[in-house]
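K.L.:
No sequence on hand, only this structure:
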(Lines give C-alpha, C1' and ligand atoms only; values in the text may rest on other atoms or scores of the structure.)
Protein backbone atom coordinates (compact mmCIF):
# COMPACT_ATOMS: atom_id res chain seq x y z
CA UNK A 1 0.00 0.00 0.00
CA UNK A 2 1.38 3.40 -0.91
CA UNK A 3 1.66 6.29 1.50
CA UNK A 4 2.26 9.99 0.99
CA UNK A 5 5.69 11.58 1.28
CA UNK A 6 4.43 13.80 4.14
CA UNK A 7 3.44 10.64 6.01
CA UNK A 8 6.95 9.19 5.57
CA UNK A 9 8.54 12.45 6.70
CA UNK A 10 6.20 12.75 9.67
CA UNK A 11 6.98 9.18 10.74
CA UNK A 12 10.72 9.77 10.66
CA UNK A 13 10.52 13.15 12.37
CA UNK A 14 8.53 11.60 15.22
CA UNK A 15 10.91 8.68 15.54
CA UNK A 16 14.04 10.81 15.17
CA UNK A 17 13.31 14.26 16.62
CA UNK A 18 16.90 15.42 15.95
CA UNK A 19 16.35 14.92 12.21
CA UNK A 20 18.03 17.69 10.22
CA UNK A 21 17.86 18.86 6.62
CA UNK A 22 20.80 16.63 5.69
CA UNK A 23 19.01 13.57 7.12
CA UNK A 24 15.84 14.42 5.20
CA UNK A 25 17.90 14.66 2.02
CA UNK A 26 19.45 11.27 2.76
CA UNK A 27 16.04 9.73 3.41
CA UNK A 28 14.68 11.01 0.11
CA UNK A 29 17.84 10.03 -1.77
CA UNK A 30 17.59 6.46 -0.49
CA UNK A 31 13.93 6.33 -1.48
CA UNK A 32 14.74 7.50 -5.01
CA UNK A 33 18.14 5.91 -5.70
CA UNK A 34 18.19 2.86 -3.43
CA UNK A 35 21.41 1.27 -2.14
CA UNK A 36 23.47 1.26 -5.32
CA UNK A 37 26.06 3.81 -4.22
CA UNK A 38 27.39 1.55 -1.44
CA UNK A 39 27.63 -1.70 -3.40
CA UNK A 40 30.65 -2.08 -5.64
CA UNK A 41 30.68 -5.89 -5.43
CA UNK A 42 29.09 -8.76 -3.52
CA UNK A 43 32.35 -9.39 -1.67
CA UNK A 44 32.69 -5.77 -0.55
CA UNK A 45 29.04 -5.66 0.52
CA UNK A 46 29.55 -8.83 2.57
CA UNK A 47 32.71 -7.50 4.24
CA UNK A 48 31.13 -4.15 5.09
CA UNK A 49 28.02 -5.78 6.53
CA UNK A 50 30.06 -8.27 8.58
CA UNK A 51 32.15 -5.45 10.03
CA UNK A 52 29.11 -3.38 10.94
CA UNK A 53 27.33 -6.36 12.47
CA UNK A 54 30.34 -7.03 14.71
CA UNK A 55 30.26 -3.41 15.86
CA UNK A 56 26.52 -3.48 16.54
CA UNK A 57 26.29 -6.95 18.05
CA UNK A 58 27.01 -5.81 21.60
CA UNK A 59 24.43 -3.02 21.49
CA UNK A 60 21.00 -4.03 20.24
CA UNK A 61 19.10 -1.09 21.70
CA UNK A 62 19.13 2.55 20.71
CA UNK A 63 20.88 5.10 22.89
CA UNK A 64 17.60 6.83 23.71
CA UNK A 65 16.26 3.58 25.19
CA UNK A 66 13.56 2.93 22.61
CA UNK A 67 13.27 -0.25 20.59
CA UNK A 68 13.93 0.06 16.87
CA UNK A 69 11.57 -1.21 14.22
CA UNK A 70 12.99 -4.00 12.07
CA UNK A 71 11.96 -2.13 8.94
CA UNK A 72 11.28 1.52 8.16
CA UNK A 73 9.58 2.79 4.99
CA UNK A 74 11.62 5.43 3.17
CA UNK A 75 9.59 6.23 0.06
CA UNK A 76 5.89 6.97 -0.56
CA UNK A 77 5.30 3.82 -2.60
CA UNK A 78 6.84 1.54 0.05
CA UNK A 79 9.12 0.09 -2.61
CA UNK A 80 12.25 0.64 -0.54
CA UNK A 81 12.81 0.16 3.17
CA UNK A 82 15.60 0.41 5.70
CA UNK A 83 16.44 -2.87 7.41
CA UNK A 84 17.74 -1.92 10.87
CA UNK A 85 20.62 -4.16 11.93
CA UNK A 86 20.27 -4.03 15.71
CA UNK A 87 16.81 -5.68 15.81
CA UNK A 88 18.10 -8.29 13.35
CA UNK A 89 21.09 -9.06 15.54
CA UNK A 90 18.97 -8.95 18.67
CA UNK A 91 16.91 -11.85 17.36
CA UNK A 92 19.78 -14.23 17.88
CA UNK A 93 23.03 -12.42 18.42
CA UNK A 94 24.61 -14.01 15.36
CA UNK A 95 22.14 -13.43 12.56
CA UNK A 96 22.39 -15.06 9.15
CA UNK A 97 22.83 -12.00 6.93
CA UNK A 98 23.51 -13.75 3.63
CA UNK A 99 19.88 -13.23 2.58
CA UNK A 100 20.28 -9.50 3.32
CA UNK A 101 23.39 -9.30 1.15
CA UNK A 102 21.45 -10.94 -1.66
CA UNK A 103 18.59 -8.49 -1.20
CA UNK A 104 21.01 -5.55 -1.24
CA UNK A 105 22.73 -6.67 -4.41
CA UNK A 106 19.46 -7.36 -6.22
CA UNK A 107 18.04 -4.03 -5.06
CA UNK A 108 21.12 -2.17 -6.32
CA UNK A 109 20.77 -3.93 -9.67
CA UNK A 110 17.08 -3.12 -10.07
CA UNK A 111 16.91 0.45 -8.73
CA UNK A 112 18.42 2.93 -11.18
CA UNK A 113 17.25 6.18 -9.63
CA UNK A 114 15.49 9.11 -11.25
CA UNK A 115 16.83 12.65 -10.84
CA UNK A 116 13.47 14.13 -11.83
CA UNK A 117 11.73 12.12 -9.11
CA UNK A 118 14.40 13.20 -6.64
CA UNK A 119 13.86 16.86 -7.55
CA UNK A 120 10.07 16.58 -7.14
CA UNK A 121 10.33 14.82 -3.79
CA UNK A 122 12.87 17.31 -2.47
CA UNK A 123 10.61 20.19 -3.46
CA UNK A 124 7.70 18.47 -1.68
CA UNK A 125 9.90 17.90 1.38
CA UNK A 126 10.87 21.59 1.48
CA UNK A 127 7.17 22.51 1.45
CA UNK A 128 6.51 20.00 4.24
CA UNK A 129 9.38 21.41 6.30
CA UNK A 130 8.05 24.96 6.03
CA UNK A 131 4.98 23.85 7.96
CA UNK A 132 6.32 21.05 10.14
CA UNK A 133 10.06 21.69 10.60
CA UNK A 134 10.48 25.36 9.67
CA UNK A 135 14.01 25.46 11.06
CA UNK A 136 15.15 22.93 8.44
CA UNK A 137 13.33 24.28 5.36
CA UNK A 138 15.99 26.76 4.20
CA UNK A 139 18.77 24.25 4.81
CA UNK A 140 17.02 21.55 2.82
CA UNK A 141 16.30 23.97 -0.01
CA UNK A 142 19.98 24.92 -0.11
CA UNK A 143 21.10 21.28 -0.05
CA UNK A 144 18.62 20.43 -2.82
CA UNK A 145 20.00 23.16 -5.07
CA UNK A 146 23.61 22.15 -4.49
CA UNK A 147 22.81 18.47 -4.96
CA UNK A 148 21.01 19.08 -8.25
CA UNK A 149 24.11 20.80 -9.63
CA UNK A 150 26.22 17.81 -8.56
CA UNK A 151 23.89 15.11 -9.91
CA UNK A 152 22.31 14.24 -6.54
CA UNK A 153 25.20 12.55 -4.71
CA UNK A 154 24.66 10.48 -1.56
CA UNK A 155 25.28 12.30 1.72
CA UNK A 156 26.09 11.06 5.20
CA UNK A 157 23.74 11.62 8.12
CA UNK A 158 24.17 14.81 10.12
CA UNK A 159 26.57 14.55 13.05
CA UNK A 160 23.73 15.20 15.52
CA UNK A 161 21.65 12.36 14.04
CA UNK A 162 24.62 10.01 13.93
CA UNK A 163 25.54 10.67 17.57
CA UNK A 164 22.00 10.37 18.89
CA UNK A 165 20.75 7.35 16.92
CA UNK A 166 23.88 5.55 15.69
CA UNK A 167 22.12 4.52 12.46
CA UNK A 168 22.93 0.98 11.35
CA UNK A 169 20.80 -0.27 8.48
CA UNK A 170 20.72 -1.40 4.87
CA UNK A 171 18.36 -0.18 2.14
CA UNK A 172 16.57 -2.82 0.07
CA UNK A 173 13.50 -3.27 -2.09
CA UNK A 174 10.62 -4.49 0.05
CA UNK A 175 9.41 -7.03 -2.53
CA UNK A 176 12.96 -8.41 -2.81
CA UNK A 177 13.07 -8.69 0.96
CA UNK A 178 9.81 -10.64 1.04
CA UNK A 179 11.04 -13.15 -1.53
CA UNK A 180 14.44 -13.61 0.10
CA UNK A 181 12.89 -14.12 3.53
CA UNK A 182 10.29 -16.57 2.24
CA UNK A 183 10.50 -20.06 3.71
CA UNK A 184 13.16 -19.31 6.31
CA UNK A 185 13.00 -19.72 10.09
CA UNK A 186 10.91 -17.84 12.65
CA UNK A 187 13.15 -14.80 12.28
CA UNK A 188 12.16 -14.61 8.63
CA UNK A 189 8.51 -14.91 9.64
CA UNK A 190 8.88 -11.89 11.88
CA UNK A 191 10.60 -10.05 9.06
CA UNK A 192 7.76 -10.83 6.64
CA UNK A 193 5.23 -9.53 9.16
CA UNK A 194 7.32 -6.38 9.59
CA UNK A 195 7.38 -5.86 5.82
CA UNK A 196 3.60 -6.04 5.78
CA UNK A 197 3.29 -3.65 8.70
CA UNK A 198 5.61 -1.14 7.04
CA UNK A 199 3.25 -1.00 4.08
CA UNK A 200 0.19 -0.08 6.12
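P.N.:
Yes, it's here. Keep in mind the model is a prediction, meaning the values are calculated, not measured.
K.L.:
Name the next helix or strand following the host helix or strand of residue 31 along the chain.
P.N.:
Assigned by DSSP states H and E, residue 31 falls within helix 21-33. Downstream of helix 21-33, the first helix or strand assigned by DSSP H and E is helix 42-56.
K.L.:
residues contacting the spatially most central residue of the chain?
P.N.:
Of all residues in the chain, the one closest to the mean position by C-alpha atoms, centre = their mean is residue 82, 3.4 Å from it. Counting by C-beta atoms under 8 Å, 6 or more residues apart in numbering, residue 82 makes contact with 30, 71, 72, 74, 169, 170, 171. (C-beta placed from N, C-alpha, C; glycine too.)
K.L.:
packing partners for the helix holding residue 31?
P.N.:
helix 5-15, strand 80-84, helix 115-132, helix 134-149 (3 or more C-beta pairs under 8 Å, 6 or more residues apart in numbering; DSSP states H and E).
K.L.:
hey, least reliable of these by pLDDT?
P.N.:
Note on those: strand 80-84 shows the lowest mean pLDDT, a mean of 93.
K.L.:
Would you indicate which residues of that one are buried?
P.N.:
With burial defined by 16 or more other C-beta atoms under 10 Å, the residues of strand 80-84 counted as buried are 80, 81, 82, 83, 84.
K.L.:
Now find how far off-centre that strand is within its chain.
P.N.:
Centroid displacement of strand 80-84 relative to its chain, using C-alpha atoms, centre = their mean, to the nearest Å, is 5 Å.
K.L.:
So what's the residue count around the closest residue to residue 25 other than its chain neighbours?
P.N.:
Ranked by C-beta to C-beta, 6 or more residues apart in numbering and with sequence neighbours excluded, the top spatial neighbour of residue 25 is residue 143, at 5.0 Å. Residue neighbour count, defined by other C-beta atoms under 10 Å, stands at 20 for residue 143.
K.L.:
What distance do you get for the residue nearest to residue 16 when sequence neighbours are not counted to residue 15?
P.N.:
Distance criterion C-beta to C-beta, 6+ apart; nearest residue to residue 16, sequence neighbours excluded, is residue 165 at 5.9 Å. The gap separating residue 165 from residue 15 is 9 Å, by C-beta to C-beta, to the nearest Å.
K.L.:
neighbour count winner among these two?
P.N.:
Using other C-beta under 10 Å as the criterion, residue 165 and residue 15 rank with residue 165 on top: 20 against 14.
K.L.:
Just the pLDDT at that one, thanks.
P.N.:
92.
K.L.:
With the one 4 residues further on instead?
P.N.:
Reading off the per-residue confidence, residue 169 sits at a pLDDT of 91.
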